[in-house]
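**Q** next input, structure requested:
(chains A and B)
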Amino acid sequence: MAYSQGFTPHPKISYASAAPTGVASEAEYLEIGLRESVDPAALRAALDAALSPGLDVLDAVVATGGSLVDRIEAAHWRIELPGVTPDVLRAAVTAFTAADEVLVERMTKQGRRTFDARAAVIDVDVVVPDETPSEAVAVPCAILELVVRQVTPAVRPDDVLSGLRVVADLEPPVSPRVTRLAQGTLTAQGAIADPLDADRDGAVIGGH
Amino acid sequence: MSAPSTTPRSAVANSVWPRLEPLLPQIAKPIQYVGGELGAVVKDWDTAAVRWALMYPDAYEVGLPNQGVQILYEVLNEQPDVLAERTYAVWPDLERLMRAHQVPQFTIDAHRPVRDFDVFGVSFATELGYTNLLTAIDLAGIPLLAADRSDADPVVVAGGHAAFNPEPIAAFVDAAVLGDGEEAVLEITTIVREWKAEGSPGGRDELLLRLARTESVYVPRFYDVDYLPDGRIQRVVPNRPDVPFRVHKRTTMDLDAWPYPKKPLVPLAETVHERYAVEIFRGCTRGCRFCQAGMITRPVRERSITTVGQMVREGLEFSGFHEVGLLSLSSADHSEIGDMCSGLAQQYEGTNVSLSLPSTRVDAFNIDLAQELARNGRRTGLTFAPEGGSERIRKVINKMVSKEDLIRTVVTAYTNGWRQVKLYFMCGLPTETDEDVLEIAAMAHEVIRAGRAATGSRDIRCTVSIGGFVPKPHTPFQWAAMARPEVIDNRLRLLKQAVNADRSLGRAIGFRYHDGEPSLIEGLLSRGDRRVSAVIRRVWENGGRFDGWSEHFSYQRWVEAAAEVLPDFGVDLDWYTTRERDELEVLPWDHLDSGLDKDWLWQDWQDALGEYEQEDCRWTPCFDCGVCPAMDTEIQIGPTGRKLLPLTPVNGLRVPSDAQQ
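**A** Got it, this is the predicted structure:
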């Protein structure tokens, strides 16, 4: 592990677009600086062993240049809305996509800010669940899938939900369950590509 | 990318996690309730013969670093058929949601309901955790009163320093253990294991009786307290045969045989101490008369320099911590502290590891040690604790430090590059006058003046930090009257004026203090008897939580509750706090044996009033406090003559095979 210089050295870690608190994620990325070259597979195993169950380190590659932050262009989210029927959600989504702009408010570190939640949303879909979640038998559950472009200020899943409230008075009766499914570079077709792909091709594993 | 997977937690049959998880997005700092830290252990429920839930009754950020809980957690989990999990106090935001959604008090390791365990052990470092105990018991679904519990409820056991007078919580706990816990938890485990294996004969009552018969587990229900017409205690006697008249504290001898924690917990949320703490010795015989810890942990038992070195190496390797604290009640007193500090400093030179020695000894040697530990370039703060402002009051409290010693020591710190030192004092000490406290200002002025002269710089500071004195059981001050909060607050106001009377010097002096009110309540709880449990209950019912936190503590709530319930017993808040006791009064904890001879304590109290000092028995002959003969223990100190060898640097990645299960 490499450390910054100075009186209180900090480990060199930078997180690219970390998921907000209370949100599940299948796709978080971070860069760490090391003092010496190591086998990425061994590094992955060592980090995974030190982290809590549920925090799984899936892959590690040697960074070949460029910033990870620059490769995070969009994120794919899944929002489960127990107690909301697919029809109600579909109507709200239709109103949302029809709007040019949907202004929402959120407290940020700079105070209360108002911004557009619509433009950053590249794709939004209502999916019908193939099975009822086991904990909520007989309760309808609509699922929203979103692809959101990385902008400033970030448009988060809760901002999109605020937008649905603004355009269609959608009020989920219980807390939605949000999961980040993927993030990375945006292809011309609107798909999200693995941001580590660039390092994986032709990277010299194990350093020099 | 891959489809969403559910969190791959091991399937735990009795886990409340599915009900807890939806609540977490609605509360502050949810990470503190998640568990799964490095060092955490989750074992199979069904194959465990004895199951312990261990609690530190404060928030995760305070409770996780607690040494006592970490040690017992590890000692218990090392037993193949024993399972121990941790639980901490939940903040009011989660408490509200847990009540609304019927989620019981849970352990953070496997999120099991506390009520499912055999033993619920709670460690009290301070009495201000009592209301949090009630919250946890109640949230767990365990009846609040020990008398109402059934065989389905765990045995609630109190430990820690406050357990040396558990009478104020006697109604809520089933048992209390005095002293060191390492061997006590194993002995209790053995008794529970055998009783369960026999088919739990006689139910809860029989189990408690077996525990009481050890003579080192106090079971309050087996003792009756009679009162005199004036409210004082007449006597405390066993109410059934086979139960000892006195219960004795436990003492773990040979700390080298108990090198815990070996696998320190690495917190996931921010906590008050993020370091690997190693106790370098237990016990203290300096004899500061206000210090309960020094009185109840005798005799001094050192851990050897080589065991400390091994613990530091292995603890850091396991945890990845960058800070090591060498803890004890007076660390500079270790017989090999010089070699220990220089050896460790050498071993970790050029690394990110910083070493700290919580220092309270006022002498130049302490600065040499701090210099040694600062070799890595990271200077830790220096704190000196003269405790009393005047020579006279320091004789009363037996803190043998002269004003000249203090000034010389602090000036040495300044000339060695420290820009800031902290001085710790107490206010409200027995016999204290305004003048005693005002001398703190003169001392601080002198420190700055001498420091400026010696360094030729105006860039030096000191912080004067003042705590309120609380008389504690098993100390020579257990008979003392507390000063009223108004008196304390007035003295602190006068002191502040005196510090700032010289504007140039005053600007270099920081002033930190606590109001007198919380100390008065701590005094009620520390010297209370069984009647005080009614006050605790009333406060808790009126919303009292987290009394150790100034933003949650309400003096008014305690005063009102005391005024509501105590008159029925013919006593009041003042009776417990500002009243001086006489020699023959039966104290609520007299039947609990800390080893200290009550006659010796009384004599030491008289010596305090006579301003007569008592030497440390580590360096001078025994002064007959009574602990060693009563407990069949002895002072264990070095030197061993051994040294710490340079470390071979360990390179490469480490994949712990047994870090988690």
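
**Q** contacts, neighbours, all on C-alpha from now
**A** Fine.

**Q** what residues go with each domain of chain B?
**A** Per the record, chain B has its domains at B:17-242, B:275-380+B:592-652, by automatic domain parsing.

**Q** what mean pLDDT does the shortest one have?
**A** By that I understand domain B:275-380+B:592-652. Domain B:275-380+B:592-652 carries an average pLDDT of 92.

**Q** how close does whatever residue of the stretch 301-450 of chain B ends up closest to chain A sit to B:Ala364?
**A** In the stretch 301-450 of chain B, the residue that lies nearest chain A is B:Arg378 (7.1 Å; Cα to the nearest Cα). As judged by Cα to Cα, to the nearest Å, B:Arg378 and B:Ala364 stand 19 Å apart.

**Q** A:Ala168 too?
**A** According to Cα to Cα, A:Ala168 stands 73 Å off from B:Ala364.

**Q** how about B:Arg579?
**A** 40 Å.

**Q** neighbour count winner among the two?
**A** When neighbours are counted by other Cα atoms under 10 Å in any protein chain shown, B:Arg579 and B:Ala364 differ, and B:Ala364 comes out ahead with 17 against 14.

**Q** what about A:Val147, helix or strand, and which?
**A** Secondary structure from DSSP states H and E places A:Val147 in strand A:141-149.

**Q** my bad, B:Gly543
**A** Here B:Gly543, judged by DSSP H and E, is contained in no helix and no strand.

**Q** just B:Gly121 next, same as before
**A** Going by DSSP H and E, B:Gly121 is in strand B:119-123.

**Q** how about A:Val61, nearest residue that isn't a chain neighbour?
**A** Leaving aside its sequence neighbours, A:Val61 sits nearest to A:Pro40 (Cα to Cα, 6 or more residues apart in numbering or on different chains; 5.8 Å).

**Q** can you show me the helices along the stretch 151-300 of chain B?
**A** B:182-197, B:203-213, B:292-296 (DSSP state H, counting those that start in this stretch).

**Q** looking at those helices, which is closest to chain A?
**A** Using Cα to the nearest Cα as the measure, helix B:182-197 is the one of the helices of the stretch 151-300 of chain B that comes nearest chain A, at 27.3 Å.

**Q** any idea of the mean pLDDT for the closest one?
**A** Mean per-residue pLDDT for helix B:182-197: 98.

**Q** the closest residue to B:Arg449 other than its chain neighbours: which element?
**A** Nearest residue to B:Arg449, sequence neighbours excluded (Cα to Cα, 6+ apart): B:Leu505, at 7.3 Å. Per DSSP H and E, B:Leu505 falls inside helix B:503-506.

**Q** so which elements touch that helix?
**A** helix B:434-455, helix B:485-501 (3 or more Cα pairs under 8 Å, 6 or more residues apart in numbering or on different chains; DSSP states H and E).

**Q** please identify the buried residues of it?
**A** Neighbour counts over helix B:503-506 (16 or more other Cα atoms under 10 Å in any protein chain shown) mark B:Leu505, B:Gly506 as buried.

**Q** export that helix as CSV, just CAs?
**A** Extracted C-alpha coordinates of helix B:503-506, given in CSV (Å, rounded to 0.1, in the frame of the first residue of the first chain):
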residue,chain,number,x,y,z
ARG,B,503,-4.1,38.5,29.1
SER,B,504,-0.7,37.6,27.6
LEU,B,505,-0.4,34.4,29.5
GLY,B,506,-4.1,33.6,29.4
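
**Q** so how far is that helix off the chain centroid?
**A** 37 Å (Cα atoms, centre = their mean, to the nearest Å).

**Q** which strand residues bridge the residue nearest the centre of chain A?
**A** The centroid of chain A falls nearest to A:Arg180 when counting by Cα atoms, centre = their mean (4.2 Å). Beta bridges link A:Arg180 to A:Ser25, A:Trp77 when assigned by DSSP bridges.

**Q** so who does it touch?
**A** Shown in contact with A:Arg180 (Cα atoms under 8 Å, 6 or more residues apart in numbering or on different chains): A:Ala19, A:Val23, A:Ala24, A:Ser25, A:Glu26, A:Ala27, A:Ala75, A:His76, A:Trp77, A:Arg78.

**Q** try 6 Å this time
**A** A:Ser25, A:Glu26, A:His76, A:Trp77 (Cα atoms under 6 Å, 6 or more residues apart in numbering or on different chains).

**Q** can I get the residues you listed in a markdown table with pLDDT?
**A** What follows is the contacts of A:Arg180, written out as a markdown table (pLDDT from 0 to 100):
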| residue | pLDDT |
| --- | --- |
| A:Ser25 | 94 |
| A:Glu26 | 95 |
| A:His76 | 96 |
| A:Trp77 | 96 |
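
**Q** any chance of TSV for those residues, columns neighbour count and distance to B:Pro430?
**A** What follows is the contacts of A:Arg180, written out as TSV (neighbours: other Cα atoms under 10 Å in any protein chain shown; distance: Cα to Cα, whole Å):
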residue	neighbour count	distance to B:Pro430
A:Ser25	20	59
A:Glu26	21	62
A:His76	23	67
A:Trp77	23	65
